[in-house]
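Peer 1: Provided below for reference: sequence and predicted model.
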Amino acid sequence: MFSERVYIIAEAGVNHNGDIRLAKELIDAGKEAGVDCVKFQTWITEELITKDAPKAEYQLKNDGEGTQFDMLKKLELSFDDFRELKKYSEQQGIDFLSTPDEKKSLDFLVDELQIKLIKVGSGEIRNLLYLKQIGQKKLPVILSTGMSNMADVELAYNTLLENGAPTVALLHCTSEYPAPFETVNLNAMNTMKEVFKTKVGYSDHTVGIEISIAAVAMGAKIIEKHFTLDKTMDGPDHKASLDPTELKNLVKSIRNVSNALGDGIKRIQPIEKETLKVVGKGIYTNQDLTAGTILTEDMLVGKRPCTGLGMENYSIIIGKKINQSISKGKAIDLNLIDFE
């Protein structure tokens, strides 16, 4: 499913506010920004939550009073909407993805819409029966790991694999909106990479783009970031999301950092060779020398440009005689040295 190129998921989530027109505009904005995928969330409210479930603190702050049921019912898109959104994504040439939040939505997305990848939210990491059902779909899985410790991740990871998931990529995550920088613990991402020997990434709930960029520099191969058309819109997630301009900057920065990482082999880059000719130090004399003089270190100095021997080779001429007189400031080449 994934190449070595960083896979960027623009998390539209519920930022369509239950309006398919806004959902399509989010797909357009993601395409314009250059992301690989625009992701939504699919659920049937009655299957997901009890009617009196309270809102999270950030939901109360960003969306006002009321129950979580009422909030989600207002934000819910229909299966017909998702049929249309998948088709629209394909027309725009961008990957469609939606997180199924309960079994009926899982069956719909996999069996009817035939998504090729299942993204699992952090809230399901202890939902072992549901993870078993996801694994049985036998598709690659991306699992977010917010609100969990290593034992939780291990159990969820193994449940998915043991029930048929061919691969499970792990996204490090702090499930707060926005997540304070001091709670990110980005090094845990690579701890999971070392323990599970799998592809890792970062689901970013922080303000701004720098933590996603840092994650890519540390080896993340998947980045997920919430975005919105307008941060001032009503709804639980808009304020902690990127706007389209910020999303575009994120994509550009991730591509630049990813390109800059290279293959890890230390070498002279072709583009550096002309500069090396100008700034590399050659061996020069710092005094007049007569023929037959035995060279010592105190007779030599490194200067630009390197027209003869480079200073990295100075040791091979120490203790050797020069075969002609040399004036101060002359570059030394091998033809001036008597090696017999």
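Peer 2: In hand now; what should we look at?
Peer 1: and stretch 115-134, what's buried?
Peer 2: 115, 117-122, 124-125, 127, 130-131, 133-134 (16 or more other Cβ atoms under 10 Å). Glycine gets a C-beta too; all of them are placed from N, C-alpha and C.
Peer 1: helix or strand for Arg72, which one?
Peer 2: Quick fix: residue 72 reads Leu, not Arg. helix 68-75 (DSSP states H and E).
Peer 1: show me what that helix is packed against.
Peer 2: helix 45-48, helix 57-63 (3 or more Cβ pairs under 8 Å, 6 or more residues apart in numbering; DSSP states H and E).
Peer 1: which of those has the lowest mean pLDDT?
Peer 2: Ranked by mean pLDDT, those end with helix 57-63 at the bottom, a mean of 69.
Peer 1: residue nearest the centroid of this structure?
Peer 2: Centrality entry for the chain: nearest residue to the mean C-alpha point is Val216, 3.7 Å, by Cα atoms, centre = their mean.
Peer 1: right, and that one touches Val257 too?
Peer 2: Yes. Between Val216 and Val257 a contact is recorded at 4.9 Å, counting by Cβ atoms under 8 Å.
Peer 1: contact partners of the helix or strand where Val153 lies?
Peer 2: Secondary structure from DSSP H and E places Val153 in helix 150-162. Here helix 150-162 makes contact (Cβ atoms under 8 Å, 6 or more residues apart in numbering) with 124-126, 128, 131-132, 134-135, 141, 143, 145, 148, 168, 170, 191-192, 195-196, 198.
Peer 1: how near is the nearest residue in space to Leu160 that is not next to it in sequence to Lys199?
Peer 2: Once flanking residues are discounted, Leu160 sits nearest to Gly135: 4.4 Å by Cβ to Cβ, 6 or more residues apart in numbering. Noted for Gly135: a distance of 17 Å to Lys199, by Cβ to Cβ, to the nearest Å.
Peer 1: now the strands for the stretch 101-250 of the chain?
Peer 2: Taking DSSP state E, counting those that start in this stretch as the test, the strands found in the stretch 101-250 of the chain are 118-120, 141-144, 168-173, 200-204, 222-226.
Peer 1: single out the most deeply packed of those strands.
Peer 2: Greatest average neighbour count among the strands of the stretch 101-250 of the chain goes to strand 200-204 (a mean of 28), per mean count of other Cβ atoms under 10 Å.
Peer 1: what pLDDT, on average, does it get?
Peer 2: Mean predicted confidence for strand 200-204 is 98.
Peer 1: quick one: that strand to strand 168-173, angle?
Peer 2: Relative orientation of strand 200-204 and strand 168-173, computed by axes from the mean of the first three to the mean of the last three Cα atoms, to 10 degrees: 40 degrees.
Peer 1: now the helices for the chain?
Peer 2: Under the criterion DSSP state H, the chain carries helices at the ranges 20-33, 45-48, 57-63, 68-75, 79-92, 103-107, 128-135, 150-162, 187-196, 210-217, 244-261, 273-279.
Peer 1: okay, buried residues for the second one please.
Peer 2: Meaning helix 45-48. Thr45, Leu48.
Peer 1: now His16, nearest residue through space, not along the chain?
Peer 2: Ala23 (3.8 Å).
Peer 1: what does Phe69 give?
Peer 2: Among residues not flanking Phe69 along the chain, Lys51 sits closest, at 4.8 Å (Cβ to Cβ, 6+ apart).
Peer 1: so that neighbour is in contact with Thr67, correct?
Peer 2: Yes. Checked against Cβ under 8 Å, the pair Lys51 and Thr67 is within contact range at 6.8 Å.
Peer 1: so those two - more neighbours on which side?
Peer 2: For Lys51 versus Thr67, neighbours defined as other Cβ atoms under 10 Å are more numerous around Thr67 (15 against 11).
Peer 1: touching, that one and Asp52? I think so.
Peer 2: Yes. Counting by Cβ under 8 Å, Asp52 is a contact partner of Thr67 at 6.2 Å.
Peer 1: how about stretch 136-149: buried residues?
Peer 2: Under the neighbour-count criterion of 16+ other Cβ under 10 Å, stretch 136-149 has Lys137, Leu139, Pro140, Val141, Ile142, Leu143, Ser144, Thr145, Gly146, Ser148 buried.
Peer 1: ok, the residues you listed vs Ser203, which is closest?
Peer 2: Ser203 has its nearest neighbour among those in Ser144, at 4.9 Å by Cβ to Cβ.
Peer 1: off-centre distance for stretch 236-253?
Peer 2: 14 Å (Cα atoms, centre = their mean, to the nearest Å).
Peer 1: how about that stretch: buried residues?
Peer 2: By 16+ other Cβ under 10 Å, the buried positions in stretch 236-253 come out as 236-244, 246-251.
Peer 1: count the neighbours of the residue nearest to Leu160 for me.
Peer 2: Other residues near Gly135 number 21, with proximity taken as other Cβ under 10 Å.
Peer 1: and if you look at Ile213?
Peer 2: 20.
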